[in-house]
Structure formats: C-alpha cells, structure tokens
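Participant: Below are the sequence and a predicted model; questions follow.
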Amino acid sequence: MRMRKARALPRAKVVPEAPPVWRPAVGPDLVPALLVFAATGLLVVGMMLASPSFGSFDQLTAILVTAIFLVVASFGQGLVILLGGIDLSLGVVIGIGGMMVAGLTRGSNDALMSAIPLTLLSCAGIGLINGIGVGLAKLPPFITTLSSGITFFGVALGITAGSSQQPVAPALQTFMNSGWLGLPYPILFTVAFVAAAWLFQNRSAEGRKLYAIGSSPGAARVLGLPVAALTIAAYAISGLCAGLTGILLAGYAASATLDMGSALLMPSIAAVVIGGARVTGGSGPYLGTFAGALFLSTLSTVITALSFSQGLRDIVQGGIILIALLLQSGRLNLRHHRWRWAHHQQGGGLT
Amino acid sequence: MTAASQLAQVRSVAAGGSAAAFVLLCIMTGIYAVHEPSALSAFGISNLLNNTVVLALAASGLTLVVLCGELDLSGPGVMAIGNVVVATTSTGSLGATGNLAAVLAIGAAVGGLNGFLVAYLGLQSLAVSLGSLIVCQGVALLILPAPGGEVTDTIVQAVSGDIRAIPAPALIMAVTAGLWLLLKHSRLGVALYAVGADEPSARLSGLNTRTTKLSAFVMSGIVYAIAGFVLSAEIGSGDPRVSDSFLLFMYAAVAIGGTSLGGGRGGVLGTLVGACILSVLQKMLFALGVADFYTNIFNGVIMILAIFFGQLSAWLARARHRGQG
Amino acid sequence: MKIDCGSRLSTGLIPAALVAAFVIGGIAEVSARDRYKVFLNMSYSGNTWQAAAANGIKALAATPPYDKTVEFKTVISGTDVQHQISDLQSMIASGANAIILYPLSPTALNRVIKQGCDKGVVIFTYDSTVTEPCAHNVSNITARYGANTAQWMVNQMGGKGELIFNHGVAGTTVTKTYDEQAYGVFKKYPGIKIVGDFYGNWNDATSQEEVAKILAAHPNVDGIWTVDGTYGSLQAVLNNRPGRLVVIAGQSNNGYRLMLADPAMQAKGLKGISSSAGPAVGGYAFKLMMEVVTGKKKLTRSNIEYPLPWVEAADVKVCQGDSFVGGCNSFPAGKVAPLFIDTALNGELLPELGLAAVQEGKATPGARIEPLPDVHYADNLPGINCSNCEPTKDWLKPNRVAPIAVP
C-alpha cells in the first residue's frame, strides 16, 4: 500500500512581508477603492437624472480620455506617498517632459523614436536626483522635491524662455486624438497602464517591499531591504510618470508650455488620498489611486456641467476631499490600533 | 529620561539648527550690504521688514503645527480670507479692531476644524489641510471675485508705518518672538515638542496629545489670520489670489530656520530668521546681478543647501550631546 | 578781532554748494542723456505670451540707437506680490531711470511705484494695469474686448444658438471685466443660450479637455467665446465634430488664423474673429516709455490704449518673409508653431520686430527704432487703471461692432 505523502503545511514566508503589517491589496484594503468607484458611479447617475444632456457615451468617453493625465501622474505620486514621501516637482517635470518632446520632434515624426526615450530618461533623471536627496542625504521629501521643482523650472526657463517654439510630432497628436475600432487610443493606453501599474504596485516583490518600507522603515532595514535603492527607484519612477504625462499632454494639445503641468500637482495628491492611501505611507492599493483619479476627473466635469463659479468649484472640490477623508476615518480608526505599533517606530509624520 | 533632561536635549538640538541659520543670515546680509549701499539705511531696513513680516508671521504659524509632527497646507487659504474680509469691510462699521477680531475668529475656526479632524478623528494632516486650503480659496473668491476693495489708512499706517521711529513690522516680529518664548517655556510648549518628537511616548507619559495638537492648529490658524491682516495693510487692497504663492516660501522659511519637518525640533525664532533669509536672499541675488531666470535656480539650490547645513549642524549638536551623556 | 564763523561759513559754503550742485546735477543730466538704466520686471513666466512679450522688449532694447544708450536688465520676480515689491525697491535703489513691468496686482504696488516716481523714475506697465496715477498703463483692457467679440458672435449667429463660454483665470480684473461685458451682450438676446461654461485659465490643453466634454453632452453647440485657449477649444471641435464647426472668438494664434482663412474650414461653418491681448503691447509700451524718458513725447494722462487686434477671416494675409510688412499678419503653417501668437508682432507700430526678435529676443539686423504716432488715451475703469475716477458710461457696450436687432 502506498502511503500518500503528507502534504507539508504551507510555511509562512519570513521576507519580504514586513512583520506587523497586514498584507495589502487583499480584501479590506480594496474597500476604499471600491467605495470611490461607487461614488463615481453615483455621481454620473445623479447627474444623468438631474440633467438629461449629461452622461452620453460620448461624454463618458471624453471624461475617460482626459482622465489619462491624472491617472498616469498619480501613479508616480502614489508610489512616492507609499514610502511616506511626496513629490512636489511633479508639475514642473510634466512641463519639462512636454517641452522636451516638442523641442526634439519639431513637428515631424522622424525623431519620435529617439525623442520619447530621451524625454522619459531625462525626467526619470530628475526623479533620480530627488530620490538621492531623500534616500541618501535623508533630506525631507517636501522641501527636496519643492526645491528641485523650482530649480529645474529655472533651468528650463533659461533654456526656452517658457514656451516651446516647435509643434509636436503628428504621430503623437494622432495617437491622442483618434482611436481604434471606436475606442480612443488613450483609453486603451489607460487600460494597459493601469494593468501594468497594478501589477507593479500590488503584485510584484518590489511593490511589496515598498509597502514594507512605507509602513515601517526601521523594520524594513533590519530585514535587509535595500531601503535607499528602493526610495531612489520610487522617485525615479515618479519622474518617469510625470515625463510620460507631459508627452501625452503635449500630444493631446499639439503644443507644450512650461507651466502646463502645474494644474495636475494638487489633484495627483488628492487622487492618492481619496483612494485610501495614508499619506504617512505603507498602505493603499493602486486601484485606490486609480479610483481617486477617475473620481476627480468625473467630479470636475460634473462641476463644470453645473456651471458653478470658480469659488463654488473650489469649495466643492475641497469639501469632497474632506468628506472622503471623513468616510475613510471610520475604517481607519479600526486599524489605528494595529498601525500604532508600526508607526511607533518612526514617530509618524513626514521626516 | 526625565522630562527636564528631555527638554534640555531638545533645546540644545533645536538651537543647533537656528544658530546655523542666523550665521547664514549675517553672511548674506553682509554680501547684500557690500553691493548695495542703501541696504543698511533706515529706509532700506524698513522696506525689508515690510516685505518680510507677512511671510515671517505665516511661517511662524506653520512652525507651531510642524513642531508637533503634523503638516499644514491651509495657511494661504486663511490669509486669503483674512485679506478679502478686511478689504471688503474695513471701510464699514467694524473699525480696525473689529476687523482684526473678525479675522482672528475666522483663523481660529479654520484652525479648529483642521485640528479637530487631525487630532480627534485621526485624519492625515496633509490631506485635511489640502482640503481646507481649497475650500478657503473658494470662500475668498466668493467674497471678492476680483482684486478690489479698500483697506483704511488707519490699518495701513498702523501696520506698515513707524511707531515712535521704529518700523511697525519690527515691533510685530519682536512681539511674535516674545510670545513664542513665553509659549516655549509653558507647559503647552513643552508638550508640543514632546508630541512632535515621539507621540506614543508623550501619550504614555501622560500628555494629552489630542488637545496639544488641537491647540497647535488653532494657534496657527490665528497667526495665519494675523498674517492675512498684515498683508492687507501691506498691499492696501484685497486680492483673492494674492496668497497663492506663499505656501512654498512658508515651508522654506520653516525648514531653513532649522525646524525639522518631522516634528520635535526647531522653533519660531529659527523660522523668523528663515523668513529674513529668504527676503535678504532675494535682495542679495539682485545686488549680485542675478535676477533673471537664474533666481529660481539659486533659490532652489540655496534652499537645499541651507536645509542640508541645518540638518548637519543639528545632527552634530545631537551627537555632541549624546557624547556628553 | 571777532571772527564771525557763521557768516564766514555761510559766505563760503553757499557758493561752494551751488557750484557742487551745478556740477553734480550737470554730470547727472549729461549721463542721463547718454545712457539710461532701464529694467524689465516680469512676474509671470513660463508661457508663450509672456515669453513673446519679454523677447520683443529685449529685442527693441538691443536695436539702435537703444543698444548704445540703454543699459537694459531683466528681473523676474515670480508670482509673489511682495517679491515684486522688493525687486522694484531694489531697482529704484540701484538708480533706475525707467522701469517697465507686468504688475501682479492693480493696487498692491502703488506705494512702491509712488516711491519710484518721487525719485524721478519713469514707470510703465504693459497689459496688466495699476491704479497709481504716476505710472503709465499701456493696455487694451479698455478696448472692450468682451463686448465687441460677444456682439460680433451674436451678429454671426443671427441672434440665436447655443454657446460655450470659456472663462479666463478666475480672480483677475481682466476676467471680471470681459466676462461682465460678454454676458451683458449675450443676455440681450433671449435666443442665445449658454449651455456650458468653464475656466480655461487661458490654457489650450485645459480648454481642449473641457470643450470636448461639454461638446459630448451638447452636440449642437453653435459658438464658443474665449479670451485665450482658443486654439485648444477649436481643436476639441475638430476632433469631435469635424463636419460642423463653430462661430468662435478668441486669441490670435497662428494656427487659428490660418484655419479661419482656410476655405475648407469655412465651408464647414468656421467663422472666427482673431483678437485678444497681444504680446506686442510690451514692445509698444517700451518704445513709448523710452520716448517719454528721452523727452521726445509728453503724455498728459496716465492711461494709454493699445489698439485691439481685430482680424476677421477676410483680413488674414500670410507673410512671405519674417516680419509683418505690407499688411500681412500671419505666417505659413510650417514656419512657426500653431500656438505662436501672431499679435506678438505689429507691422505699423513695431516695424523693428521680426520673428527672430520675438522668438529669441534678438534685434533685427539693420533695423532702427522708428518714432511712434500719437497715442490714444484710454477710458477710465475704476479699480483697474485709476482709483478716484468715474467709469466711462457705456463701458459695457461694444464700440466697434454694431448690434443687430433682437430676433
């Protein structure tokens, strides 16, 4: 008689899951993201009931197309926030990315193949500098990214006087403004991007390590995680995403100016926050950030459709951020006790 | 570690950062004065102080929140509301003190809201203050949709003129420094540092971290409101968007002055020096002939260097103290 | 012998002082005629309009005879009004003879401007205005852009139809003024319905996004009113509804002007007016300021109106060379980026400027500064270019387009 070998009990992995932290991207962590998706849906349905001209397929498509910029930018921002940092140079790097691709392609498609990687590399380079400042020199992320943003704005202003003199490559314009089988290319791009981002943030080892570092840098270091290297990498990716956003924006608008990214900075932070990430780091699945970006884009369309004055628009947008935070606070209080142990190590706050 | 020795350690560490900032300020003022003879004249100093006082006040308010370990983006919003309220009502029946009182009440209310959400509901301060900043900017736009309004001469003179030959802004900054020293040595001041340095320990040692944080936010709201009031006097009118650009300079002043953005280290004196550094920096760069787009580059690089310098000296001070046991 | 020190001193000192004053004053006057210290003070930067305006001014300062007589420096203050005040004080203290600036606020700078005027500095603003009477404002904010373009659109639309309203940046006097004028005109025609409005913030990418979304909800829009962001607004229509274009009012981007004049576009219903503030106002203000400083012109009032650009489809004329000569007012498609603002150049008032001048700030070879014609003084707009003054009675009404009857 053959004895069936007893199955070994699944052994819990020691590394890289950080010790006191609940594995993210599983069940409960997705709830804020789902809530935000639901809120977006409610918003659309509510507007459709209130105003018959709202909510056509064309308009929803238009919303999705214009949401791409925030989706891409907030992924980079989200990674950095995951580590407990912040990237305030995002707006400037978007502008630089757009200006570079316009200046390098000069209205023709010839240089496009080299212009895009060059632009992405340069913007990632700016992110790299940020990362070195935060990861190696241990400077506070807030001031470091703020100062690097100002500095690079000055450099770009000196080189270009502020606006690109060249038109953008036609291929880029076509990509952003047309589609395939009725679906605009940007939406297809968004789907691919979201899938890649989610895979990286919530399904890869690197992503898990980032969560670990964010929730407890001390423990992560003890476990031998390459904290400095991963920090630098996260900021570099943020720069890369900003550069990508700039390229997409330049293609969409067929032009580039240095200040074209400044309007995306605060919304990128808001998207991450609304999606349920803690600004102190360590939690928040990518789907939450994506939901936040989608929600903000829809919200701004709804506010425009309601014809509010700018003052009212600001009040509504700020109020929504506060309400989203309040709604999540109920859940956060439950986990507050679990988190306190983890945060105990670093004293909380952005250092 | 007893509370006293903890406080002593904190104080010596704190001094490290702001002393470095003061040295930097002296060097920069020297460079500026060498190139521009009128720099140290009464007129020149008075102008410099008028241009610094609003930032100094706003950054001081921010320092209080940063000391207890939180961040606050809502300063410019409170300043904007303060400015438009004064500009729209100063020629009315309230009078200067009435205006000031109204503005202080608004600042306390916004600070109170932020503080409540952060301290009692445990929400993230960066996110909460981002939300309240946007709401405040919206309110300011509703009250005054475009630049306009008027600030009475009484207020303008009182805040930006001379009081017995001393420029009023100098007095305002001196009073701020004085009030800060009182706060620093009070129980609330010690609590602020303790909560910022290590919140769980502070709680365990019996401090009420919630009321500490709430107080920090309310005080900062009041100080932002004063900054908005002073801004109204400096620019003589209302402008709903005039404070938009303050945010980054507020943080720069705080960080350059030696206060750690993680909490528990630094103080308002350093921030006042930091604000002066930023003003003199602008003058110095102009005097050196660097005023075109290079200003941005220099601003960014000098900010980083100043913070690096400040962190280094604070680290040295800490290491020295640790050596002393 | 009693020596009367007082009288000895006074008889000695007074003549000495007079001689000294004469000498110093004389030296100062001689050097003032030979060389002028002129500053350009920018606040906003990083966008096409500001870059073109600044480049135009720099190019003029490098054009003979100013290249020898003007010591020219640029100062960028950023968007913080107290920084601008501080920089202006620095400029005045360093002995400026003239300052041309883009003010961040109509009133916040009044005190420092007065300080400058008291020291004899000639101060001019371009496009954005201040209420301090000793400064000279050069702008077309008094040219009633809002009312004129709104009336033009109404006339083209026959007094009825659906409209999208593209606001500029909220919280600025120019947005408030133009919005009031435009709404005032549109409200007179009950057939005109504003189905969507948004804050384009003078930005083409933002305008394109918002128009795309509104168009998707209101597929029968007939017109779009803008101050800037016009090209982006039109792009959205071209991408979403290429078969049926709109009546549109707005900026003078080269791509936009070329589209207006294109018969294929006109066949699909494109009717547009190319207007709005042009960067050339900076160059014009600089030339005017230098004429005042050198004594060639005397101005009796503070506010000067820069002529409002006004180019309709039939007026578009493509240039063969690099500058606006012979009445041409746009460039061929490949020569400049579509967002290049054509009104950075002005063939009549600024013949010294060519493409290289506004794109790089370089003087046009062989050019020489030409004298300006007589100025056209501007209306009073309280809170915008004057403080204790009455507004012109009909400042809300169009003054270059005759209204059609209400259908």
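Facilitator: Now that the structure is in, tell me what you want to look at.
Participant: could you pull out the helices for the stretch 101-250 of chain A?
Facilitator: Counting by DSSP state H, counting those that start in this stretch, the stretch 101-250 of chain A has helices at residues A:112-131, A:141-160, A:170-177, A:185-203, A:205-215, A:217-222, A:227-253.
Participant: which one of those helices is the most hemmed in?
Facilitator: helix A:227-253 (a mean of 26; mean count of other C-beta atoms under 10 Å in any protein chain shown). For every residue, glycine as well, the C-beta is placed using N, CA and C.
Participant: what sits against the spatially most central residue of chain C?
Facilitator: The residue lying closest to the centre of chain C (C-alpha atoms, centre = their mean) is C:Asp127, at 3.2 Å. Contacts of C:Asp127 were listed using C-beta atoms under 8 Å, 6 or more residues apart in numbering or on different chains, and they are C:Ala53, C:Tyr102, C:Val138, C:Ser139, C:Asn140, C:Ile141, C:Ala277, C:Val281, C:Gly282.
Participant: Most neighbours among the residues you listed, which one?
Facilitator: C:Gly282 (32 neighbours; other C-beta atoms under 10 Å in any protein chain shown).
Participant: host element of it?
Facilitator: helix C:280-293 (DSSP states H and E).
Participant: Could I get the pLDDT score of residue 30?
Facilitator: In the absence of a named chain, chain A is used. Note on A:Leu30: pLDDT of 76.
Participant: wait, I meant chain C there
Facilitator: pLDDT, C:Val30: 38.
Participant: cool, and C:Val70?
Facilitator: 94.
Participant: got it, and B:Leu40?
Facilitator: So B:Leu40 comes in at 83 (pLDDT).
Participant: How about it, nearest residue that isn't a chain neighbour?
Facilitator: With C-beta to C-beta, 6 or more residues apart in numbering or on different chains as the criterion, B:Leu40 has its nearest non-adjacent residue at 5.3 Å, and that residue is B:Ala33.
Participant: quick one on the thing from earlier: could you let me know which of the contacts of C:Asp127 ends up closest to C:Val293?
Facilitator: C:Val138 (14.1 Å; C-beta to C-beta).
Participant: Skipping adjacent residues, who's closest to A:Thr105 in space?
Facilitator: A:Ala169 (3.7 Å).
Participant: Go ahead and confirm C:Tyr189 touches C:Met153.
Facilitator: No. C:Tyr189 is beyond contact range of C:Met153, at 10.2 Å (criterion: C-beta atoms under 8 Å).
Participant: Neighbour count: those two, which is higher?
Facilitator: It is C:Met153, of C:Tyr189 and C:Met153, that has more neighbours when counted by other C-beta under 10 Å, with 27 against 21.
Participant: From C:Lys160, how far out is the more buried one?
Facilitator: 12 Å (C-beta to C-beta, to the nearest Å).
Participant: Name the residues that touch stretch C:148-161?
Facilitator: Counting by C-beta under 8 Å, 6+ apart, C:163, C:181-186, C:189, C:191-193, C:222-223, C:225, C:247-250, C:271, C:273, C:275, C:308, C:310, C:398-407 sit against stretch C:148-161.
Participant: tell me the average confidence for that stretch?
Facilitator: So the average pLDDT for stretch C:148-161 ends up being 94.
Participant: Kindly report the same for stretch B:281-292.
Facilitator: Mean predicted lDDT for stretch B:281-292 stands at 84.
Participant: now that stretch, how far from the chain's geometric center?
Facilitator: 23 Å (C-alpha atoms, centre = their mean, to the nearest Å).
Participant: So what touches it?
Facilitator: Against stretch B:281-292 from outside (C-beta under 8 Å, 6+ apart): A:158, B:28-29, B:31-32, B:35-36, B:39, B:48, B:294-295, B:298-299, B:302, C:73-76, C:83, C:86-87, C:90-91, C:94.
Participant: let's go with 7 Å and repeat that
Facilitator: Contacts with stretch B:281-292, where a contact means C-beta atoms under 7 Å, 6 or more residues apart in numbering or on different chains, come from B:28, B:31-32, B:35-36, B:39, B:48, B:295, B:298, B:302, C:73-76, C:83, C:86-87, C:90.
Participant: Helices - which of these land there?
Facilitator: Here DSSP state H is the test, and the contacts of stretch B:281-292 give B:Met28, B:Ile31, B:Tyr32, B:His35, B:Leu48, B:Thr295, B:Phe298, B:Ile302, C:His83, C:Ser86, C:Asp87, C:Ser90 as lying in helices.
Participant: residues near the residue nearest to B:Leu40, how many?
Facilitator: 18.
Participant: Kindly report the same for B:His35.
Facilitator: 15.
Participant: which other helices and strands contact whichever helix or strand B:Val139 is part of?
Facilitator: Using DSSP H and E, B:Val139 sits within helix B:125-143. Counting contacts by 3 or more C-beta pairs under 7 Å, 6 or more residues apart in numbering or on different chains; DSSP states H and E, helix B:125-143 packs against helix A:265-274, helix A:310-344, helix B:75-89, helix B:95-115.
Participant: Whatever helix or strand comes next after it and chain C in contact?
Facilitator: Counting by DSSP H and E, the next helix or strand C-terminal to helix B:125-143 is helix B:153-160. No. Using C-beta under 7 Å from any C-beta of the partner chain, helix B:153-160 stays clear of chain C, with a minimum separation of 8.3 Å.
Participant: Could you look up the SS state of C:Thr125?
Facilitator: Here C:Thr125 is strand, with the state taken from DSSP: H, G, I helix; E, B strand; the rest coil.
Participant: For it, give its distance to chain A.
Facilitator: In this view, C:Thr125 and chain A are 20 Å apart by C-beta to the nearest C-beta, to the nearest Å.
Participant: what bridges to that residue?
Facilitator: Per DSSP bridges, the residues bridged to C:Thr125 are C:Leu101, C:Asn137.
Participant: Tell me, how many residues neighbour it?
Facilitator: Residues near C:Thr125, counting by other C-beta under 10 Å: 29.
Participant: Name all residues that make contact with it.
Facilitator: Per C-beta under 7 Å, 6+ apart, neighbours of C:Thr125: C:Leu101, C:Tyr102, C:Pro103, C:Ala135, C:Asn137, C:Val138.
Participant: With only the CA atoms kept, save stretch A:101-120 in PDB.
Facilitator: Listed next in PDB are the C-alpha coordinates belonging to stretch A:101-120 (Å, rounded to 0.1, in the frame of the first residue of the first chain):
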ATOM      1  CA  VAL A 101       9.300  66.100 -26.700                       C
ATOM      2  CA  ALA A 102       8.100  69.100 -28.600                       C
ATOM      3  CA  GLY A 103      11.600  70.500 -29.000                       C
ATOM      4  CA  LEU A 104      13.100  67.200 -30.000                       C
ATOM      5  CA  THR A 105      10.500  66.200 -32.600                       C
ATOM      6  CA  ARG A 106      10.000  69.700 -34.100                       C
ATOM      7  CA  GLY A 107       6.700  68.900 -35.800                       C
ATOM      8  CA  SER A 108       7.900  65.800 -37.600                       C
ATOM      9  CA  ASN A 109       7.800  62.100 -36.800                       C
ATOM     10  CA  ASP A 110      11.400  61.400 -37.700                       C
ATOM     11  CA  ALA A 111      12.900  61.900 -34.300                       C
ATOM     12  CA  LEU A 112      10.000  60.500 -32.400                       C
ATOM     13  CA  MET A 113      11.600  57.100 -31.800                       C
ATOM     14  CA  SER A 114      14.500  58.700 -30.000                       C
ATOM     15  CA  ALA A 115      12.700  61.700 -28.600                       C
ATOM     16  CA  ILE A 116      10.400  59.700 -26.300                       C
ATOM     17  CA  PRO A 117      13.000  57.600 -24.600                       C
ATOM     18  CA  LEU A 118      15.300  60.600 -24.200                       C
ATOM     19  CA  THR A 119      12.500  62.600 -22.600                       C
ATOM     20  CA  LEU A 120      11.500  59.800 -20.300                       C
END
